[in-house]
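[1] Show me how the following folds:
(chains A and B)
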Amino acid sequence: MTIPPVPYAIDPDSAATVSVEEQQFNDLIAADSRIEPRDWMPDGYRKTLIRQISQHAHSEIIGMQPEGNWITRAPSLKRKAILLAKVQDEAGHGLYLYSAAQTLGISRDLMTDQLIAGKARYSSIFNYPSPTWADMGSIGWLVDGAAICNQVPLCRASYGPYGRAMVRICKEESFHQRQGFEILLELMNGTPAQREMAQESVNRWYWPALQMFGPPDDDSPNSAQSMAWNIKRFSNDELRQRFVGMLVPQAEVLGVTLPDPDLRWNEEKGAYDMGEIDWTEFHEVLAGRGPANARRLQRRRDAHDEGRWVREAAAAYAAKQAVKAVA
Amino acid sequence: MSDTIEQDGHGHVDVDTVQLSAELVEAASVASHDVAEYALWLGDDSLVLAQNLGWWISRAPELEEDIALGNIALDLIGHARSLLHYAGAESGRTEDDLAYWRDEPQWRSAHLFEQPNGDFAHTIARQFIAAHYLFELYSTLMESTDATLAAIAAKAVKEVDYHRDHSIQWVLRLAQGTEESRRRMITGLSDLWPFVEELFVDEPLIDRLEGVAVRPSSLRAAVEGAMFPVLAEAELEVPRGFISSGGGRRGDHSENLGPLLAELQVLARAHPGAKW
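    I've put the predicted structure just below:
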């Protein structure tokens, strides 16, 4: 399609210095169109996307662990199959996302190195442990639920490969959330011990799930630029509010109590009021001092180190085959 | 397979995975005691192998292998569920009754499937033998006079064909990759080879199931005929030496099965009568 030359808000004094490519980029963003890998883009846009997409990919990969812990102990064969499928989906999401990031000029090896060296971030939520089966329910319902709220708007992100990857991912995430809800529902309809297990788990995951939307809007330094670039569409607080509004009726169906005594409907603003989030804890976990940070990274590092000889073998074999093919 | 998202053939999983296969929903038949026992053999093999493979998820050498081994485990759980469902109907037990509430001597898995994951080469060696055996088994079982077993086999054979291909590719890569990978592949193969023989042992049950079950000894030629050329291409010798006495079909197991079952059953057994 042809993009009409939309006037773009730039400083008139610097307008003369805007290159043709940059003007094209600005026009695409102003028209809410997609930027593709071969299009010119500002360095900041590229860096922001590499950071965000690789963090997202790492989150999928580290996120396999808290649930992977329960594959061998799932309490029915049906649950075992679902959980296995879900964790495997997460590996697939990691792959799509690494591929999307690669289109921006970073290699998967470098991203992996950054992750195992502890230099890259991933969602802090996965630094919480999953000691009970009910955590498989809470992770699906709360963690994947929060992820969906975050990710659905990303399907419209201005960078094409990211937006398209998110479309595929969101379809699978909705199955993930549903299976989590079902696990909790079964538990809440079960024995007293099962109900207790479910409530205890929801108590542990509720607040960390709310933290997944990131710091409050007045303390989120990168948000404004990401919104101007059409990467981010809603603010952290807006998404958090939307998520809580979605959870409350679902919690009623489940019969679980959300562990926030200040949670109540505010008629005036047409939304829920909620209690204060403990941002000190958030920053502690972010800084690597969460309950399972070290364990998660170590598992990733071990898998990487112990798999090195296998990857080397595959590479050596492929090289030999290539030589044979030429000969 | 579903019509959503992935269209790239094997391996896509979604919520449909949780449904029992159509051949079981439609099958009104209940297995006789002997047929149920035979279904347990096959179901236990698949479940035990899937349980072992499940450990690899999030620990594999590359992401692609997390996905591949996960797919294989998922296929095997599917086969196990169909087979255990069929096996249990005779005695009024569900697939979960059989998976979670039988003790070690009541399991019928062959020793090969119980062997630990070891390193990636051991896992691949176990997959290589298991997938070749299962492929020939299901190819023949498709002709069973028992319609339910035949239907389960017809579905499973397509999936284990992929498992076989996956294992062959890795045997070739590891055997002809680096010195280290070759050394490990040779060790893995020789550690797992003693458990091949048990797969071809005819127990008395088989005599009572002529036309229904596949006679294990009849599979040897086809299984070896498919494996040996791959080993030759990989320049690997067929290991010789120690042969395990087996006994899994009679409930005599290796030391590996107990801990494996303890992990599989721990949660279910902590909550008798609970639904999940």
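[2] Please count neighbours and contacts with C-alpha atoms only from this point.
    Noted.
[3] what residue ranges in the stretch 151-276 of chain B score low on pLDDT?
    For the stretch 151-276 of chain B, no stretch is flagged by pLDDT under 70.
[4] Show me which residues of it are close to chain A?
    Contact residues, the stretch 151-276 of chain B versus chain A (Cα under 8 Å from any Cα of the partner chain): B:173-174, B:176-178, B:180-181, B:263-268, B:274-276.
[5] Please enumerate the helices of chain B.
    Taking DSSP state H as the test, the helices found in chain B are B:22-26, B:33-54, B:63-89, B:95-100, B:111-114, B:120-141, B:147-175, B:179-192, B:204-207, B:220-233, B:257-270.
[6] Could you identify which of these is most buried?
    Comparing the helices of chain B by mean neighbour count (mean count of other Cα atoms under 10 Å in any protein chain shown), helix B:111-114 comes out on top with a mean of 26.
[7] Now do the contacts for residue 185.
    I went with chain A, as the question did not name one. Contact analysis of A:Leu185 by Cα atoms under 8 Å, 6 or more residues apart in numbering or on different chains lists A:Leu254.
[8] actually it's chain B I care about, not the one you picked
    Shown in contact with B:Met185 (Cα under 8 Å, 6+ apart): B:121-122, B:125, B:171, B:174-175.
[9] same question, A:Met64
    A:Met64 is in contact with A:87-88, A:90-91, B:57-58, counting by Cα under 8 Å, 6+ apart.
[10] for B:His85, same thing?
    B:93-95.
[11] Distance of it relative to chain A?
    Distance, B:His85 to chain A, by Cα to the nearest Cα, to the nearest Å: 11 Å.
[12] Dihedrals phi and psi, the spatially most central residue of chain A?
    Taking Cα atoms, centre = their mean, the centroid of chain A lies closest to A:His56, which sits 4.7 Å from it. Torsion angles at A:His56 (phi, psi; degrees, to the nearest 10) stand at phi -70, psi -40.
[13] which SS class is the nearest residue to it once chain neighbours are set aside?
    Counting by Cα to Cα, 6 or more residues apart in numbering or on different chains, A:His56 lies nearest to A:Tyr122, which is 6.5 Å off, once chain neighbours are set aside. What DSSP: H, G, I helix; E, B strand; the rest coil gives for A:Tyr122 is coil.
[14] Return the distance of A:Tyr122 relative to chain B.
    Per Cα to the nearest Cα, A:Tyr122 is found 16 Å from chain B.
[15] Name the residue of the stretch 151-300 of chain A that lies nearest to chain B.
    The minimum distance from the stretch 151-300 of chain A to chain B, using Cα to the nearest Cα, falls at A:Glu186 (5.7 Å).
[16] circling back to that earlier point, want to throw the helices of chain B into CSV with distance to A:Phe25?
    Converted to CSV, those look like this (distance: least, Cα to Cα, whole Å):
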stretch, distance to A:Phe25
helix B:22-26, 53
helix B:33-54, 47
helix B:63-89, 34
helix B:95-100, 58
helix B:111-114, 57
helix B:120-141, 48
helix B:147-175, 45
helix B:179-192, 49
helix B:204-207, 72
helix B:220-233, 54
helix B:257-270, 55
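[17] any weak-confidence spans in the stretch 1-150 of chain B?
    B:1-29.
[18] center of chain B - which residue?
    For chain B, the residue sitting closest to the mean C-alpha position, by Cα atoms, centre = their mean, is B:Ser46 at 3.2 Å.
[19] Return the residues in contact with that residue.
    Counting by Cα under 8 Å, 6+ apart, B:Ser46 makes contact with B:76-77, B:79-80, B:113.
[20] Show the overlap between the residues you listed and what lies near chain A.
    Contacts with chain A within these, counted by Cα under 8 Å from any Cα: B:Ile77.
[21] between the contacts of B:Ser46, which is nearest chain A?
    Proximity of the contacts of B:Ser46 to chain A (Cα to the nearest Cα) peaks at B:Ile77, which lies at 6.7 Å.
[22] How about the contacts made by that closest one?
    Contact analysis of B:Ile77 by Cα under 8 Å, 6+ apart lists A:77, A:81, B:46-47, B:50.
[23] could you redo those residues as JSON lines and give each row distance to A:Pro249?
    Shown next, in JSON lines, are the contacts of B:Ile77 (distance: Cα to Cα, whole Å):
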{"residue": "A:Leu77", "distance to A:Pro249": "30"}
{"residue": "A:Ala81", "distance to A:Pro249": "28"}
{"residue": "B:Ser46", "distance to A:Pro249": "41"}
{"residue": "B:Leu47", "distance to A:Pro249": "39"}
{"residue": "B:Ala50", "distance to A:Pro249": "38"}
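[24] between these, which is closest to A:Ala209?
    Nearest to A:Ala209 among the contacts of B:Ile77: A:Ala81, at 25.2 Å, using Cα to Cα.
[25] Not counting residues beside it along the chain, what's closest to that closest one?
    Closest to A:Ala81 by Cα to Cα, 6+ apart is B:Leu74, at 6.0 Å.
[26] what do you get for A:Pro37?
    Leaving out its chain neighbours, the residue that sits closest to A:Pro37 by Cα to Cα, 6+ apart is A:Thr103, at 5.8 Å.
[27] Angles on the backbone of that neighbour, please.
    Main-chain torsions, A:Thr103, degrees, to the nearest 10: phi -70, psi -10.
[28] From what I see, B:Gly43 and B:Tyr86 are in contact.
    No: checked against Cα atoms under 8 Å, the pair B:Gly43 and B:Tyr86 is beyond contact range at 9.4 Å.
[29] Counting neighbours, show which residues of whatever helix or strand A:Ala85 lives in come out buried.
    When elements are assigned from DSSP states H and E, A:Ala85 belongs to helix A:77-102. With burial defined by 16 or more other Cα atoms under 10 Å in any protein chain shown, the residues of helix A:77-102 counted as buried are A:77-102.
[30] which other helices and strands contact that helix?
    Under the contact criterion of 3 or more Cα pairs under 8 Å, 6 or more residues apart in numbering or on different chains; DSSP states H and E, helix A:77-102 touches helix A:43-68, helix A:108-116, helix A:160-188, helix B:63-89, helix B:95-100.
[31] what's the closest of those to A:Glu312?
    helix A:108-116 (13.2 Å).
[32] Check the offset of the closest one from the chain's centre.
    Helix A:108-116 has its C-alpha centroid displaced from the chain centroid by 17 Å (Cα atoms, centre = their mean, to the nearest Å).
[33] how about it, does it reach chain B?
    No: against chain B, helix A:108-116 shows no contacts by Cα under 8 Å from any Cα, the least distance being 10.7 Å.
[34] any weak-confidence spans in the stretch 1-150 of chain A?
    Checking the stretch 1-150 of chain A against pLDDT under 70 turns up A:1-16.
[35] near chain B, which residues of it?
    With the criterion set to Cα under 8 Å from any Cα, the stretch 1-150 of chain A comes near chain B through A:61, A:64-65, A:68, A:71-79, A:81-82, A:84-85, A:87-89, A:91-92, A:95.
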